[in-house]
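Visitor: I'd like to go over a predicted model; first the sequence, then the structure.
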Amino acid sequence: MAASNSECNSKQDNTQKPNFETFQLFSSSVGSGFGIFDDVSQQVSAIPPPPCVEVLASDSEVASCNKLNVESVDFDGVTLFKGRVNTQQVFGLSNSDLVPGKYEGGLKLWEGSLDLIKALRSDIKSELISFGGKRVLEVGCGHGLPGIYALLEGASVVHFQDFNAEVLRCLTIPNINANISSRSQLSPSISTNDEAEVRYFAGDWGEVDKLLPHVSKDAKHVEGSGYDFILMAETVYSINSLQTLYNLIKKCLIHPHGVVYMAAKKYYFGVGGGTRRFLSVVEKDGVMTSNLVAEITDGSSNVREVWKLTFK
C-alpha cells in the first residue's frame, strides 16, 4: 500500500431489473427549458470548503481516535464490518447529519452504501464487471464499504475521498483496517490484492482532483489516466453540489471504458437533490449515458435507486 503527503489550496428488498432501463429526462426535440433543473450549475455555496489534504494511514491523529466499535453486515455471502463513531466526539455536534461547510454526514452509514454493494455483487456474479487489477475511486466514502468490497474483489488501486479529513481518520481508515485484518474469516472465498495501493483524500469536489495521483493535471484528458470505476452512495443530496460532482467524475473517470456506480434516493426532501436532478445535469451535458440498475422500495425510506453511468 502506497501513500504520500500533499496539499492543495482550496462529502429491504433489492429488486434487480433483468434489463437496464435508460433514463432520458429531455427529448431530442425539447430544449433545456425545464425551469429549476437548468439552474443547478448556477448554484454556488457561499461557505468556503476545508483545504484538500491527503490523509496518511500512519497519521498520529488516526491512532489517537477512539477504538472503533464494529458490527458485521452480510451481503449474500460476503460479510463486512461497519464501525460506529460518535459525532459529538469528532465534531462536537449532536444529532446532526449535515452542517454545510463543516460536516457532510460522513460518520453515518446510509442505506445507499448497502444498495450499492448489492448491485456490484450482482453485476460481478453476472460477469458484467470485474474489479480484478482495476483502479477504483470511492467518492464521499464515509465508512468506505463499497471501496472495501472492491478491494476484497482484487482491485489494484482503491482511493477513498471524503469531505472531512476527520471522517477519514476516525472512521474510514479504522474501518478498512478492521475489514482487511479479518478478511480470511469474513469472506474466505475472496482474495484481496495485498499489493493494492490504498490512499485517502479529503476535500471539496471542486479541488480534490488536484491531489488524486491517477488524474491528469492537464486540460486534456491523457489516455490511460483516471479510474476504471467511480463508486458513490448518497452523494447527490444537495442541488448546490451536483454540477461540481459531475465535473469531478468527468475529470477522474478513465476514457472511454470507465464506469460510475451511483446509489442514492430518488429525491432528498429539504435539500433539493436526488438521482433525477443529478441525471438531468448528466443528460444536458451529453457526454455520458445512464442506466438504471436497481430500484429499492422497501419502505425504510423514500425510493432508492442504483444507476450506472458510462461514456457514450
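Guide: Yep, it's here.
Visitor: Please name the residues that touch Leu120.
Guide: Each residue near Leu120 by Cβ atoms under 8 Å, 6 or more residues apart in numbering is listed here: 129, 146, 149-150, 231, 261. For the C-beta atoms, the positions are set from N, CA and C on the backbone; glycine is no exception.
Visitor: try Gly274
Guide: 236-237, 264-268.
Visitor: Scan this protein for its longest helix.
Guide: Looking across the chain with DSSP state H, the single longest helix is helix 111-125.
Visitor: buried ones in that helix?
Guide: Going by neighbour count (16 or more other Cβ atoms under 10 Å), the buried part of helix 111-125 is 111-124.
Visitor: ditto for stretch 52-67
Guide: 52-57, 59, 62, 65.
Visitor: ok, back up a step: what mean pLDDT does the longest helix of the chain get?
Guide: In this model, helix 111-125 carries a mean pLDDT of 94.
Visitor: what pairs with the next helix or strand after it, and is each one parallel or antiparallel?
Guide: Where DSSP states H and E defines the elements, the next helix or strand beyond helix 111-125 is strand 135-139. Next to strand 135-139 in the sheet, as set by DSSP bridges, lie strand 157-162 (parallel), strand 229-233 (parallel).
Visitor: Pull the helix or strand hosting Ala294 out as CSV, backbone CA atoms only.
Guide: Assigned by DSSP H and E, Ala294 falls within strand 288-296. Provided in CSV are the C-alpha atoms of strand 288-296 (Å, rounded to 0.1, in the frame of the first residue of the first chain):
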residue,chain,number,x,y,z
MET,A,288,-22.4,10.2,-20.7
THR,A,289,-25.3,7.8,-20.7
SER,A,290,-27.2,6.5,-17.6
ASN,A,291,-28.8,3.1,-17.0
LEU,A,292,-31.0,2.1,-14.0
VAL,A,293,-29.6,-1.0,-12.3
ALA,A,294,-31.9,-1.3,-9.3
GLU,A,295,-34.8,0.3,-7.6
ILE,A,296,-35.4,-0.3,-3.9
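Visitor: Who are the packing partners of that strand?
Guide: strand 15-22, helix 111-125, helix 275-285, strand 304-311 (3 or more Cβ pairs under 8 Å, 6 or more residues apart in numbering; DSSP states H and E).
Visitor: Asp218: which of the ones you listed is closest?
Guide: strand 304-311 (18.5 Å; Cβ to Cβ).
Visitor: Could you give me the buried positions within the closest one?
Guide: Neighbour-count burial for strand 304-311 flags 304-309 (criterion: 16+ other Cβ under 10 Å).
Visitor: go on, stretch 256-272?
Guide: By 16+ other Cβ under 10 Å, the buried positions in stretch 256-272 come out as 258-268, 272.
Visitor: how close does Gln161 sit to Tyr268?
Guide: Between Gln161 and Tyr268 the computed distance is 20 Å (Cβ to Cβ, to the nearest Å).
Visitor: ok, now Ala294?
Guide: From Ala294 across to Tyr268, the span is 18 Å (Cβ to Cβ).
Visitor: Equivalent analysis for Pro51, please.
Guide: Taken as Cβ to Cβ, the span from Pro51 to Tyr268 is 27 Å.
Visitor: Report whether the expected contact of Ala196 with Leu152 is present.
Guide: No. Ala196 is beyond contact range of Leu152, at 10.0 Å (criterion: Cβ atoms under 8 Å).
Visitor: neighbour-wise, which of those two wins?
Guide: Between Ala196 and Leu152, counted using other Cβ atoms under 10 Å, the more crowded position is Leu152 (23 against 19).
Visitor: any weak-confidence spans in the stretch 101-250 of the chain?
Guide: The model of the stretch 101-250 of the chain has pLDDT under 70 over residues 101-108, 183-193, 219-222.
Visitor: what's the closest non-adjacent residue to the spatially most central residue of the chain?
Guide: When Cα atoms, centre = their mean is applied to the chain, the residue found nearest the centroid is Met232 (2.3 Å). Closest residue to Met232 apart from its sequence neighbours, by Cβ to Cβ, 6 or more residues apart in numbering: Val139 at 4.2 Å.
Visitor: list the contacts for that neighbour?
Guide: So Val139 contacts 161, 205, 230-232, 235, 245, 248-249 (Cβ under 8 Å, 6+ apart).
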